[in-house]
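Engineer: Any chance you could fold what I've pasted below:
(chains A and B)
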Amino acid sequence: MKAEYNLSPDLFNVASREDRNAEKIHRPSIKYWPDVWRRLKMNHLAMTGLILIIFFSIMAFVGTEINGFKYFEQNYDLINVHPNGVHWFGTDELGRDLFTRVWYGTRYSLFIGIMAALIDFLIGVLYGGIAGITTRRVDSVMMRIAEVIYSIPYLLVVILISVVFTQAGQGSSLFILIFAMTLTSWVPMAILVRGQVLQLKESEYALASESIGGTKNWILRKHIIPNTLGPILVNVTLSIPRAIFAEATLSFIGLGIQAPKSSLGALANDGLAGLPVGNAYQILIPAIFISLVMFAFNVLGDGFRDALDPRLRK
Amino acid sequence: MKKYLLKRILMAVVTIWAVITITFILMHSVPGNPFRTESKMPKVVYENLQKKYGLDKPLSEQYFIYLGKIVRGDFGDSMKSRVETVNQMITRGFPVSGVIGIEALLIALCFGPALGAVAALNQNRWPDYLSMIIAILGISVPSFIMGTVFIQFLARNIGWLPIGGWGEFRHSVLPSFALAFLPMAQIARLMRSSMLEVLNQDYIKTAKSKGITKATVVLKHAVRNAILPVVSILGTVASNLLVGSFVIEKIFGIPGLGMFFIMSIGNRDYPLIMGTTIFYAIILVSLLLMVDIAYMLIDPRIKLVKEGR
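Structural biologist: A predicted model of the protein is given here:
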């Protein structure tokens, strides 16, 4: 049976040019880092951390100048003054203004944290990168060395170095502190970078690049390095609070920075003496500062990790 | 597996040797001499002291003598305390530190996984937020601050527990809790993420679809699998407890090894610093080794991963 259809040509339209674009992606393509930033912005906790860090970084320089006292300025008529209108955070047992000193200490703590993280980053990326791209045997030797260094207890080394390089009863110099802290702490970064490089070297897109003629150098620059940056960033962000924590602990057992210079840990240590005599604010204020700084870096690091790896998200 | 085990033990021995060597070099590169400070010392006395501590011998010889002593379990004499050897101090202090450490570990192991599991099961609801706030506080507030806050509010203001001292069980409550906070928080965070991962697995769906109760799914299938990564960080936890004990013992005035260590630093008592450091290193490295072995025994997959490297 043959069906009769009366299909007039009017029923048909010429496919317009617009329809041909149906496959086209309309939204602008978002690059990796703007996308990370977009996801980070949605994470309120991480943004709180970022804002806190910016605030603390600015105040670490501005805050010491606000109420007109100097961090080393002693006034024996006004010792252990509780927080009031003139001395906003009170004074310590030598009559020094705590508001100024706390911001001054924040400056040192932040500086130590960031410097230690940067040095970890430099050594870790170099060492891990080299281990990742050399021969198997060299890699194996390098990693065994790194493992031995890593299993040496971190703070014990820091304490030992500080003991050796400082005189009894005095604090450590900034340089020694950072040196001691970075002596073993670069290892996790190196292990991370090496693992990433090894993994990415074998990845399909690296192979694809190689097969269309990409040189080793090109693959390294274009594919391996950009893709390791994410985990490295997370690690750097999280190693800042670790360094700040180590410095605070060190200062707390009397091996930190030398007075009248101060860090948050050293201030807390000074404040401990005020605790039994009812001057709890002397330790509570630096304590809150340390906790806030550590909190800020920790949540920002977590936020980076979530933003960089969307699979980990809800 | 045997090969891996052997390799791990060898690595542990090398690490301890490295610590001993580094400690020895560092302590002998300290400028000056420990007996020079006590000025107006007759020459004969000085020479005798040098002889007693073996400081008149060449450095390489001193090193091997020291190494031999450590192998035999002799950590040397304290320079400031004339009555106690380093070994005696360790045997006096370590049990005290051990009690606090074990109590803290138990607290962390009880509450950490529980907090993490509760958070994961109630993802993005208030129990999740509450546990994660506790956890983020735990990793952000250093233990010495936690200890101080406990002393100020729980001991001084409310008077529930003693401020410091040592002897009875109640003396150990506050220090243990202060010490336990960081490891508890670390465990809780890890437990949460690993639990979330496990809850998305197919076998959880299968278990649910079999019709078994939620409690059984959670306890038998989810928690047991999610707790594996927690075992792997127990080494870090032990290390944190150890370091935390230095400051906690200082704050609460507990006569543990941590306090001796801090005191030895303050006194520049080099043999005691060396002995305690090496002792700590041995403890830690053995703990790490034990954790690794335990992990390997619990999780059969680990073997494949390690060999595949």
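
Engineer: B:M184 against B:L105, yeah?
Structural biologist: No. Applying C-beta atoms under 8 Å as the test, B:M184 and B:L105 come out as separate, 9.8 Å apart. No exception for glycine: its C-beta is placed from N, CA and C like everyone else's.

Engineer: neighbour count winner among those two?
Structural biologist: Set B:M184 next to B:L105 and count neighbours by other C-beta atoms under 10 Å in any protein chain shown: B:M184 wins out with 28 against 19.

Engineer: ok, now which ones touch that one?
Structural biologist: Listed by C-beta atoms under 8 Å, 6 or more residues apart in numbering or on different chains, the contact partners of B:M184 are B:107-108, B:111-112, B:115, B:135, B:138.

Engineer: In the stretch 151-300 of chain A, where is pLDDT below threshold?
Structural biologist: Residues of the stretch 151-300 of chain A meeting the criterion pLDDT under 70: A:166-172, A:259.

Engineer: can you give me the helices for it?
Structural biologist: A:154-165, A:174-185, A:187-201, A:204-211, A:216-219, A:225-252, A:264-272, A:281-308 (DSSP state H, counting those that start in this stretch).

Engineer: Could you list the low-pLDDT ranges of the stretch 151-300 of chain B?
Structural biologist: For the stretch 151-300 of chain B (pLDDT under 70), the answer is B:300.

Engineer: Minimum distance to B:D292: which of the helices of the stretch 151-300 of chain A has it?
Structural biologist: Closest to B:D292 of the helices of the stretch 151-300 of chain A is helix A:187-201 (C-beta to C-beta; 15.4 Å).

Engineer: follow-up on the earlier one: now the contacts of B:M184 in TSV, with neighbour count and secondary structure?
Structural biologist: As requested, these are arranged in TSV below (neighbours: other C-beta atoms under 10 Å in any protein chain shown; DSSP: H, G, I helix; E, B strand; the rest coil):
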residue	neighbour count	secondary structure
B:I107	18	helix
B:A108	27	helix
B:F111	21	helix
B:G112	25	helix
B:L115	25	helix
B:A135	25	helix
B:G138	24	helix
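
Engineer: now for the residues you listed, which pair is the farthest apart?
Structural biologist: B:I107 and B:A135 (14.2 Å).

Engineer: Contact partners for B:H221?
Structural biologist: Taking C-beta under 8 Å, 6+ apart, one finds B:198, B:203-204, B:207 in contact with B:H221.

Engineer: repeat that for 7 Å
Structural biologist: B:203-204, B:207 (C-beta atoms under 7 Å, 6 or more residues apart in numbering or on different chains).

Engineer: go on, B:Y63?
Structural biologist: B:F24.

Engineer: how much space between it and chain A?
Structural biologist: B:Y63 sits 16 Å away from chain A, going by C-beta to the nearest C-beta, to the nearest Å.

Engineer: for B:S29, same thing?
Structural biologist: 6 Å.

Engineer: show me the contacts for the residue nearest to that residue when sequence neighbours are not counted.
Structural biologist: Using C-beta to C-beta, 6 or more residues apart in numbering or on different chains and skipping residues adjacent in sequence, the residue nearest B:S29 is A:V164, 6.4 Å away. A:V164 makes contact with B:26, B:29-30, according to C-beta under 7 Å, 6+ apart.

Engineer: and with 10 Å instead?
Structural biologist: A:176, A:180, B:23, B:25-31, B:270, B:273 (C-beta atoms under 10 Å, 6 or more residues apart in numbering or on different chains).

Engineer: Could you do B:W166 as well?
Structural biologist: B:96, B:99-100, B:172, B:175, B:249, B:252-256, B:259.

Engineer: change it to 7 Å
Structural biologist: B:96, B:254-255.

Engineer: Also A:Y76?
Structural biologist: With C-beta under 7 Å, 6+ apart, A:Y76 has these contacts: A:G95.

Engineer: Give me the distance between the closest residue to A:T91 other than its chain neighbours and A:Q199.
Structural biologist: Excluding its sequence neighbours, the residue lying closest to A:T91 (C-beta to C-beta, 6+ apart) is A:V81, at 4.5 Å. Look at A:V81 and A:Q199: by C-beta to C-beta, to the nearest Å, they are 58 Å apart.

Engineer: So for these two, which sits in the more crowded spot?
Structural biologist: Neighbours per residue (other C-beta under 10 Å) separate A:V81 from A:Q199, with A:V81 holding more: 19 against 14.

Engineer: per-residue confidence for the more buried one?
Structural biologist: On pLDDT, A:V81 comes in at 71.

Engineer: could you give the mean pLDDT of the one helix or strand B:Y4 maps to?
Structural biologist: According to DSSP states H and E, B:Y4 maps onto helix B:2-28. Average pLDDT, helix B:2-28: 85.

Engineer: Sort out which residues of whatever helix or strand comes next after it are buried, please.
Structural biologist: Downstream of helix B:2-28, the first helix or strand assigned by DSSP H and E is helix B:43-52. Of all the residues in helix B:43-52, those buried under the rule 16 or more other C-beta atoms under 10 Å in any protein chain shown are B:L49.

Engineer: What is the neighbour count of B:K7?
Structural biologist: 12.

Engineer: Can you tell me how far it is from B:I298?
Structural biologist: 19 Å.

Engineer: Can you verify my assumption that A:V158 contacts A:A180?
Structural biologist: Yes. Using C-beta atoms under 7 Å, A:V158 is in contact with A:A180, at 4.5 Å.

Engineer: For B:M132, give its distance to chain A.
Structural biologist: 9 Å.

Engineer: ok so that residue is a helix residue?
Structural biologist: Yes. Counting by DSSP: H, G, I helix; E, B strand; the rest coil, B:M132 is part of a helix.

Engineer: List the residues that contact it.
Structural biologist: B:A119.

Engineer: same question, B:I204
Structural biologist: B:198, B:217, B:221-222.

Engineer: returning to that earlier point: out of the helices of the stretch 151-300 of chain A, which is the most enclosed?
Structural biologist: helix A:264-272 (a mean of 27; mean count of other C-beta atoms under 10 Å in any protein chain shown).

Engineer: For it, which helices and strands make contact with it?
Structural biologist: Packed against helix A:264-272 by the contact rule (3 or more C-beta pairs under 7 Å, 6 or more residues apart in numbering or on different chains; DSSP states H and E) you find helix A:98-133, helix A:225-252, helix A:281-308, helix B:143-150.

Engineer: For the helix or strand in which B:P113 is found, which helices and strands make contact with it?
Structural biologist: Assigned by DSSP H and E, B:P113 falls within helix B:86-121. Contacts defined by 3+ C-beta pairs under 7 Å, 6+ apart place helix B:86-121 against helix B:126-140, helix B:169-199, helix B:234-252, helix B:257-267, helix B:270-298.

Engineer: Buried ones in it, by neighbour count?
Structural biologist: Buried, per 16+ other C-beta under 10 Å, within helix B:86-121: B:86-87, B:89-90, B:93-94, B:96-97, B:99-101, B:103-105, B:107-109, B:111-121.

Engineer: what do you get for stretch A:133-143?
Structural biologist: Buried-residue list, stretch A:133-143, by 16+ other C-beta under 10 Å: A:133, A:139, A:142-143.

Engineer: Show residues contacting that stretch.
Structural biologist: By C-beta under 7 Å, 6+ apart, stretch A:133-143 touches A:127, A:131, A:194, A:197.
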